[in-house]
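S.K.: Provided below for reference: sequence and predicted model.
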Amino acid sequence: MSGCKRNGAAASGKTAHIAIDPVTRIEGHLKADVTVENGKVVDAKLSGGMYRGFEQILRGRDPRDSSQIVQRICGVCPTAHATASIMAQDAAFGVKVTNNARITRNLILGANYLQSHLLHFYHLAAQDFVQGPDSAPFVPRYQKSDLLEDRSKDLKAVNAAAVDQYIEALDVRAVCHEMVAIWGGKMPHVQGLVAGGTTEMPTKDRILEYAVRFKKVRDFVNNKYLPTVYTVGSVYPDMFKVGQGHKACIAYGVFPLDNAYSKFMMKSGVYFDGKDHKFDPSKIHEDVKYSWFEDSTTGLHYSEGKTIPAPEKEGAYSFVKAPRYNGVACEVGPLARMWVENPPLSPVGQKMLKEKFGMDAKRFRDLGEDAAFSLMGRHVARAEESWYILDFIDAWLKEVKPDEETFTAYEIPESAEGTGFTEAPRGALLHYLDVKDSKINNYQIVSATLWNCNPRDDKGVRGPVEEALIGIPVPDIDNPVNVARLIRAFDP
Amino acid sequence: MSLNRRDFVKLCTGTVAGLGVSQMFNPAVCEAISGSLNGERPPVLWLQGAGCTGCSVSLLNSVNPHIKDVLLKVISLEFHPTVMAWEGEPAMEHMFKIADKYDGKFFLVVEGSIPTEAEGKYCVVGEADHQEITMVEAMKELGPKAAAVLAIGTCSAYGGIPAAAGSQTGAKGVRDFFESEEIATPVVNIPGCPPHPDWIVGTVTVALDAIKKHGLADGLGEVVEILDDDGRPTPFYGENIHDNCPYLEDFDNDLLATKFTDVRGCRMELGCKGPDTMSDCYKRKWNNGMNWCVQNAVCIGCVEPDFPDGKSPFYEPA
Ligand code: SF4
Ligand code: SF4
């Protein structure tokens, strides 16, 4: 089996160009073009190969339709798009949701966080480390994949356990979807999240049904997911040393703990130049010099945003725009949230960090900047976040009031605007809604994939994943395993 | 046993509402359909066009049969961008190799629509020979070679959200695309945004069973016979939501819900599109029988050819 092809004549001397297209086991269409010199990536271009035009499709519609339509941006985290959309609508319609609605929304989104993180680790990323059965779709695969068993023959049992967990996690993630469906109606794509609250009031029975399923998920996260991530990590200590990128990140805050949205389970904040900054939405703009969008639309704040495709534009290489905060390319996702919030680490994490890495770490930032902002650090962040949310879900289950109202009526104003800020499992997400004549006049979406997988900005600065690829080891250009490993660690 | 419409209905829906396809998935049936083509698990190539991957995620929710058995015992999934181990050019080459090796004998599953404007550039599915391959090109190459196409999800069946008013990508469903390209391969539509996993697995199973018994051409012929005018298998899409709705009595008595959280009352005033929608959600329910759209909120008619434009505004009465 041949490996990934060098890009034709471009392979000269010690420099090779590798194109990986499609990058698989992600959500969407992505291509990576990397230049390798002396066994390391020295340059990278990331190209998003699909444009559907949600912003254009939304124009002129009933504003309430947006939450249904935008969910279809992503089948893995539709709940997050729905949440951002209904928050934008709430803001535009001037409606304050009830306490019970806020909690029910948290329970819906929370269950999908767990679903998304499990799906990501086990079904999208794990095959980068673990060898699956010798049957399609697990074969063919890279010839030299640098899997657990390639690193040590002693790891057969670990590999086997991880494959078992792959299968078990299929069930557990489906159970998470059941939890979403209890008040969300169905998954993928929920009916239950609407402007003004949620469509179904929790009842005693339904709360119990959720709780029973939650226990199963909780056990799996504690007893399987967390230890497996640390065990795999301990076999790949080198993966804690690569992929740091710009070391800049942003989080908007998610899972509101009060109705003024002043306290969150994961708070908002920005980190760059080695310092923490307060999040200020006015500092976001989007560049399109290297994106297939009209040049006249570059550098705009999302509230002025325009989405006009220009598929033939010279020099551009992606359908992804390049959002910047204060001019900085920030990464988003579990690592960003964990770095900003800096919550305590799980008991499993603390114990295993001590045993396997000789590290005394109580909170996430104790991992240090280099290990946290690394390929493996992103997997650890995702697993630790999955653990961190468990106690919150438990508390919301106790707090939610059976048979108490979750919907508040409102009128659609003739003209208004509103922005919904939330966090998809894969990172910061905002939806901006502008209403004129009671119809959608402008709708703009800045999604997690836009933040992470963007091309160069107008100043030529690489996007977060592009930058994180620099320095990634590719000892054998026919088996560029680590390139895809790095990209998938972000959950694109 | 020859598989006529009645048998199919019996297989798929059983006598007890909600049992779903599970009962036909006993080991004997699994055994019987493996080796439908060439004595092997039939090769399946799964292309993703302009879509959201929600159809794939929905299929992962298949409980009975377990998705693991579908993947490892029923079909041989040789290409699927979200689950396969392989990637890059070699993955694309593998896909084209399988299509040649099993010319006329593999199944092509399509998720997402086919954007035809700008020479297909709105959706690039990969690279081969250092050339980008668009969804349009991949469909032209693989479409004619496939034994049949399963258009999974409303995007690939009818265009769906990516083809809604305002879109400038020229997104099309498979049947439309095949018609304009004069490709004659049979297409089975399994719409829904996304479709229920039972609808996908049930159709695949029954198709394989029919092929096993009657050969490829005749077997597919049997399946085509049970499709409605919109290309959907009638056992799953043959009944109307409204006619079977638990709120029908409320509707008949003019008891109408005025807000979502009302426990009683027909949802018509809130925008329910059940009267214009054909599917068996009302008895099958979603996510292992947990809930369904009308019970939770309203039906937005996602299995219908005119979704979304013909169904919106979603929260206004039709
Ligand atoms: S039919 Fe719906 S769920 Fe399926 S890909 Fe299209 S938008 Fe996603
Ligand atoms: S809720 Fe919808 S499907 Fe049910 S009776 Fe009313 S209109 Fe018909």
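M.R.: That came through fine. Ligands and ions are numbered 1, 2, ... in the order given.
S.K.: stretch A:107-123 close to chain B?
M.R.: Yes: using CB under 8 Å from any CB of the partner chain, stretch A:107-123 reaches chain B at A:Leu119, A:His123. In this view, the C-beta of every residue, glycine as well, is placed from N, C-alpha and C.
S.K.: put the alpha carbons of that stretch into PDB.
M.R.: Taking Å, rounded to 0.1, in the frame of the first residue of the first chain, the C-alpha atoms of stretch A:107-123 are listed here in PDB:
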ATOM      1  CA  LEU A 107     -29.200  19.800  30.300                       C
ATOM      2  CA  ILE A 108     -29.800  19.500  26.600                       C
ATOM      3  CA  LEU A 109     -26.500  21.100  25.500                       C
ATOM      4  CA  GLY A 110     -24.600  19.300  28.300                       C
ATOM      5  CA  ALA A 111     -25.700  15.900  27.100                       C
ATOM      6  CA  ASN A 112     -24.500  16.700  23.700                       C
ATOM      7  CA  TYR A 113     -21.200  17.900  25.000                       C
ATOM      8  CA  LEU A 114     -20.600  14.500  26.400                       C
ATOM      9  CA  GLN A 115     -21.800  12.900  23.100                       C
ATOM     10  CA  SER A 116     -19.500  15.000  21.000                       C
ATOM     11  CA  HIS A 117     -16.400  14.500  23.200                       C
ATOM     12  CA  LEU A 118     -16.800  10.700  23.300                       C
ATOM     13  CA  LEU A 119     -17.500  10.600  19.500                       C
ATOM     14  CA  HIS A 120     -14.400  12.700  18.900                       C
ATOM     15  CA  PHE A 121     -12.000  10.700  21.000                       C
ATOM     16  CA  TYR A 122     -13.100   7.200  20.300                       C
ATOM     17  CA  HIS A 123     -14.600   7.300  16.800                       C
END
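S.K.: what's the model's confidence in it, averaged?
M.R.: Taken as a whole, stretch A:107-123 has an average pLDDT of 98.
S.K.: ok, now stretch A:33-46?
M.R.: The model assigns stretch A:33-46 a mean pLDDT of 97.
S.K.: ok, stretch A:220-237 next?
M.R.: On average, stretch A:220-237 scores 97.
S.K.: what's around B:Glu40, how many residues?
M.R.: Residues near B:Glu40, counting by other CB atoms under 10 Å in any protein chain shown, number 12.
S.K.: wait, what's in contact with it?
M.R.: Counting by CB atoms under 8 Å, 6 or more residues apart in numbering or on different chains, B:Glu40 makes contact with B:Ser76.
S.K.: roughly how far does whichever residue of the stretch 151-300 of chain B sits closest to ligand 2 sit from chain A?
M.R.: The minimum distance from the stretch 151-300 of chain B to ligand 2, using CB to the nearest ligand atom, falls at B:Gly274 (2.3 Å). Distance of B:Gly274 to chain A, computed by CB to the nearest CB, to the nearest Å: 12 Å.
S.K.: do the same with B:Thr205
M.R.: If you go by CB to the nearest CB, the gap between B:Thr205 and chain A works out to 18 Å.
S.K.: helix, strand, or coil at that residue?
M.R.: At B:Thr205 the chain is in helix, as set by DSSP: H, G, I helix; E, B strand; the rest coil.
S.K.: wait, it touches B:Val74, no?
M.R.: Yes: if you go by CB atoms under 8 Å, B:Thr205 and B:Val74 touch, sitting 7.1 Å apart.
S.K.: show me what contacts A:Trp339?
M.R.: A:Cys249, A:Tyr271, A:Phe364, A:Arg365, A:Ala372, A:Phe373, A:Ala381.
S.K.: go again with 7 Å.
M.R.: Going by CB atoms under 7 Å, 6 or more residues apart in numbering or on different chains, A:Trp339 touches A:Cys249, A:Tyr271, A:Phe364, A:Arg365, A:Ala372.
S.K.: just checking, the third one touches A:Pro343?
M.R.: So the one you mean is A:Phe364. Yes: shown here, A:Phe364 and A:Pro343 form a contact pair, counting by CB atoms under 7 Å, at 6.2 Å.
S.K.: can you check the pLDDT for the residue in the stretch 51-200 of chain A positioned nearest to ligand 1?
M.R.: Here the residue of the stretch 51-200 of chain A nearest ligand 1 is A:Arg72; by CB to the nearest ligand atom that distance is 3.8 Å. At A:Arg72, the pLDDT value in this model is 98.
S.K.: that one against B:Ile161, yeah?
M.R.: Yes: A:Arg72 is within contact range of B:Ile161, at 4.5 Å (criterion: CB under 7 Å).
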